[in-house]
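# here's my sequence, what's the structure:
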Amino acid sequence: MGRDPRDRIPDVRDGLTRAERVVLWQLDLLQKERGGRNVPTAMLYGRVVEHVDMSVGELQRILQRMTGGTR
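Numbering: from 1, shown residues only. The predicted model follows:
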């Protein structure tokens, strides 16, 4: 699976990239499956890379941005 540069281009509607949208989608699904409990990052990463080619570091940066963490 190769990297698609379109996965990192912000959408004009809300500014989210496809990669960020996949992270949010999979996080929501996993939280529902786990009855609202926290989702381990490793589990989320496993689901995300089924749809978007990214490194663990990229996932962590997306999560930090979304939670208001430092860069």
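
# CA only for contacts and neighbour counts going forward, please
Fine.

# what's stretch 5-14 in contact with?
16-19, 52 (CA atoms under 8 Å, 6 or more residues apart in numbering).

# most neighbours among the residues you listed, which one?
Taking other CA atoms under 10 Å as the neighbour criterion, residue 19 ranks highest of those with 23 neighbours.

# show me the contacts for that one.
7-8, 52.

# which among those gets closest to residue 28?
Of all the contacts of residue 19, residue 28 sits closest to residue 52, with 16.3 Å by CA to CA.

# using the three-state scheme, assign the residue lying closest to the closest one once chain neighbours are set aside.
Residue nearest to residue 52 in three dimensions, not counting chain neighbours: residue 19, with 6.2 Å by CA to CA, 6 or more residues apart in numbering. Secondary structure assignment for residue 19 (DSSP: H, G, I helix; E, B strand; the rest coil): helix.

# for residue 19, give its distance to residue 39.
To residue 39, residue 19 is 18 Å away according to CA to CA, to the nearest Å.
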